[in-house]
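In: Here is a sequence together with a model predicted from it:
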Amino acid sequence: MKRTLIAAACGFALGNAAAQTYPSLTWSGYGTVGAATSNDDRADYLVDAFKPNGPGHTDRISLKMDSRIGGQAIVDVTPKLSAVVQVLVQQNYNDHWHPTLEWANVKYQVTDELSIRAGRMVLPVFMVTDSRLVGYANPWVRPPVELYSMVPVTHNDGADVSWRSRIGGATNTLQATFGGSNSHFPNASGFDAGTAEARRIVAANDTIEIGAFSGRLTYGEARLTIAAYRPLFDAFRQFGALGGDAIADRYNADNRRVTFAGVGATYDPGAWFAMAEFARFDTRSIVGKKSAGYMSGGVRINKITPYATYARLKGESPRSDPGLPVAVLPPQLAPTAAQLNAILNRQLGALPDQSTISLGGRWDFMRSAALKVQWDRVRLGSGSYGTFGNVQPDFPLGGRVNVYSAVVDFVF
């Protein structure tokens, strides 16, 4: 059932390959019209770090957070050579709705087992990465925020190689990815992170499918630079041997090695489904180290699919640092040092920690459209604002927030 939904959502052409002529063009599209509201107006519920706002403080009811529309064209030049372009329109980091290029790559099928792609592709870090924005292909209103918001890069400009093989009754796909990416961020968290540059991305994932079961392992590395943090750590370095150099070396975000590791599995015999993922992301910088995971399951009763999900995001690096030794500094330097310490600790303290229980349902009321409703009970960790943004002074650390969402997903 899951493969059928993904094929429909992504517009894969099914038919008699022998009758196909070359070159040929196929196109498809997908979209979501959604609304979400929160019971707390002191902060915005953010589905990822790229959103500038959401339901809560900015909008009582947000019509922007989940809404999007995308179109995809595939050109089969020869039986072995093809190209794909996918354009997406959704709320972006500066609250505009400009079309963006989500996919733009050329694929060469070297053999039945081996293929090579070059261009822009989704970075394959999670199980539903390829279809994370194609709501119709997924059971939920949105993929679990705790896990899918963890990595601040969604696409890769480079190349990948895939090898698919049969092992008894199983199909195994090994993929290696290389390249780089730039991602833009808003100021929703209270500190303008600007652009994150990921260079020298090297990632590998292995997926095995046996009947209704699918399992996946992923590991990746990159060099991360967030230029907006440079002035902060340049200021710390002015204190040199007094502790400034050590702090800058420990937390700066210039060309830092980041690593990602994940594991996931799903079992979907058709009448019901169960799936789970777990991942760990370590930036070795002020951005911190995080781990996250979720478990989800549902039952398909005719056209209705009730489901439940539990997700957890945990910060695993320190939330505070003593910083510069203000008490022993000359009086003329103490105020500057105290200010730098405050900025540093505000950023370290922003490391998210939260869990969510989600209950929802999907109604496939048309062949290519589905209505979904979902309730999220978000519990923030002690001393954390979680993944919320545009936080107001009276928003409590470690609070509880209810989020209610309804969407219509469709493909065409």
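Out: Everything's here; your move.
In: Tabulate the CA atom coordinates of stretch 273-288 in CSV.
Out: Provided in CSV are the C-alpha atoms of stretch 273-288 (Å, rounded to 0.1, in the frame of the first residue of the first chain):
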residue,chain,number,x,y,z
PHE,A,273,1.2,-0.1,9.3
ALA,A,274,3.9,0.4,12.0
MET,A,275,7.1,2.3,11.6
ALA,A,276,9.9,3.8,13.7
GLU,A,277,13.1,5.8,13.2
PHE,A,278,15.9,7.0,15.4
ALA,A,279,18.8,9.3,14.6
ARG,A,280,21.7,11.3,16.1
PHE,A,281,23.1,14.5,14.8
ASP,A,282,26.3,16.1,16.2
THR,A,283,27.6,19.5,15.0
ARG,A,284,30.6,19.8,17.4
SER,A,285,29.7,23.5,17.7
ILE,A,286,27.4,26.0,19.3
VAL,A,287,24.5,24.3,17.3
GLY,A,288,24.9,21.3,19.6
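In: distance of the closest residue to residue 143 other than its chain neighbours from residue 97?
Out: Counting by CB to CB, 6 or more residues apart in numbering, residue 132 is the residue found nearest to residue 143 once chain neighbours are left out, at 5.3 Å. All C-beta spots, glycine's among them, are computed from the backbone N, C-alpha and C. Using CB to CB, to the nearest Å, residue 132 is found at 19 Å from residue 97.
In: Tell me where this structure is predicted with low confidence.
Out: 1-19, 187-193 (pLDDT under 70).
In: let's see 80
Out: 1-20, 152-153, 187-194 (pLDDT under 80).
In: State which helix of it is the longest.
Out: helix 334-349 (DSSP state H).
In: Which residues does it contact?
Out: For helix 334-349, the external contacting residues (CB atoms under 8 Å, 6 or more residues apart in numbering) are 190-191, 232, 235-236, 239, 247, 251, 286, 288, 317-326, 329, 383-384.
In: Packing partners of the following helix or strand past that helix?
Out: Heading C-terminal from helix 334-349, the first helix or strand you meet, by DSSP states H and E, is strand 354-366. Applying 3 or more CB pairs under 8 Å, 6 or more residues apart in numbering; DSSP states H and E, we find strand 354-366 packed against helix 145-148, strand 304-315, strand 369-380.
In: what does the host helix or strand of residue 74 contact?
Out: Under the criterion of DSSP H and E, residue 74 resides in strand 68-76. Residues outside strand 68-76 that contact it (CB under 8 Å, 6+ apart) are 10-11, 13, 20, 22-32, 82-91, 102-103, 133-134.
In: what are the phi and psi angles of the residue nearest to residue 143?
Out: Here is the backbone geometry of residue 132 (degrees, to the nearest 10): phi -60, psi -30.
In: Can you report how many residues lie near it?
Out: Residue 132 sits with 17 neighbouring residues when counted by other CB atoms under 10 Å.
In: Use 47 as the first number from now on
Out: Okay, residue one is now 47; in that scheme the one you just asked about reads as residue 178.
In: show me what contacts it?
Out: 168, 172, 184, 189, 194.
In: Could you do residue 357 as well?
Out: Applying CB under 8 Å, 6+ apart to residue 357 gives the contacts 190-193, 338-340, 401-402, 404.
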